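Enquirer: can you look at this prediction? I've put the sequence above it.
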Amino acid sequence: MNLATLLVRAARLHPARMAVALGTAPVLDHAALARRTAALASGLRDRFGLATGEVEVTAAELTGIEAYATRAVERAIVNAVRSAESLADTPSVAEWRSGRGSKSQRR
């Protein structure tokens, strides 16, 4: 399951539940987060031609700084996913790996 699917699912199941907080102060509920994410994706698509899916890029096609930036973003995403806690009915990586990620285990 990809991130977009998780955002849409959380917005559908729990639209008013807090999704983003600053400390204990609510910032965005799931519905607002899904709307803002969709708007951002649309802007990236329209302005930069970015799309979903994987694109193969060889090292020869990247400058040194692009390669470092690509790797930094990749590692940041992987680290964020690994350290994230569960979200609504979506288990965290740690829960999933330990077997607590199945719905039957979480009830």
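Expert: Noted; the coordinates are in hand. Remember, predicted model here, so these are calculated numbers, not experimental data.

Enquirer: make sure Ala21 is indeed in a strand.
Expert: Yes: counting by DSSP: H, G, I helix; E, B strand; the rest coil, Ala21 is found in a strand.

Enquirer: for Leu28, list each beta-bridge partner.
Expert: Taking DSSP bridges as the rule, Leu28 bridges to Val20.

Enquirer: need the pLDDT of it.
Expert: Here, the pLDDT recorded for Leu28 equals 87.

Enquirer: then Ala32?
Expert: So, for Ala32, pLDDT stands at 90.

Enquirer: list the contacts for it?
Expert: Shown in contact with Ala32 (Cβ atoms under 8 Å, 6 or more residues apart in numbering): Ala19. Placement of C-beta: from N, CA and C, glycine included.

Enquirer: what helix or strand does it sit in?
Expert: Secondary structure assignment for Ala32, by DSSP states H and E: helix 30-48.

Enquirer: also Leu6?
Expert: Secondary structure assignment for Leu6, by DSSP H and E: helix 3-13.

Enquirer: could you list the domains of the protein?
Expert: Using automatic domain parsing, the domains assigned to the chain come out as 1-53, 56-107.

Enquirer: related to what we said a few turns ago, which positions within the helix holding Ala32 qualify as buried?
Expert: Buried positions in helix 30-48, judged by neighbour count with 16 or more other Cβ atoms under 10 Å: 30-34, 37.

Enquirer: any idea of the angle that helix forms with helix 3-13?
Expert: 150 degrees (axes from the mean of the first three to the mean of the last three Cα atoms, to 10 degrees).

Enquirer: with just CA atoms, put helix 30-48 into PDB.
Expert: Output in PDB follows, covering the C-alpha atoms of helix 30-48 (Å, rounded to 0.1, in the frame of the first residue of the first chain):
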ATOM      1  CA  HIS A  30      -7.300  13.600   8.100                       C
ATOM      2  CA  ALA A  31      -9.700  15.200   5.600                       C
ATOM      3  CA  ALA A  32      -7.700  18.400   5.500                       C
ATOM      4  CA  LEU A  33      -4.400  16.500   5.200                       C
ATOM      5  CA  ALA A  34      -5.700  14.500   2.300                       C
ATOM      6  CA  ARG A  35      -6.900  17.700   0.500                       C
ATOM      7  CA  ARG A  36      -3.600  19.500   1.000                       C
ATOM      8  CA  THR A  37      -1.600  16.500  -0.100                       C
ATOM      9  CA  ALA A  38      -3.700  16.100  -3.200                       C
ATOM     10  CA  ALA A  39      -3.200  19.800  -4.000                       C
ATOM     11  CA  LEU A  40       0.500  19.500  -3.500                       C
ATOM     12  CA  ALA A  41       0.700  16.400  -5.800                       C
ATOM     13  CA  SER A  42      -1.300  18.200  -8.400                       C
ATOM     14  CA  GLY A  43       1.000  21.200  -8.300                       C
ATOM     15  CA  LEU A  44       4.100  19.000  -8.600                       C
ATOM     16  CA  ARG A  45       2.500  17.200 -11.500                       C
ATOM     17  CA  ASP A  46       1.500  20.400 -13.300                       C
ATOM     18  CA  ARG A  47       4.600  22.500 -12.600                       C
ATOM     19  CA  PHE A  48       7.400  19.900 -12.700                       C
END
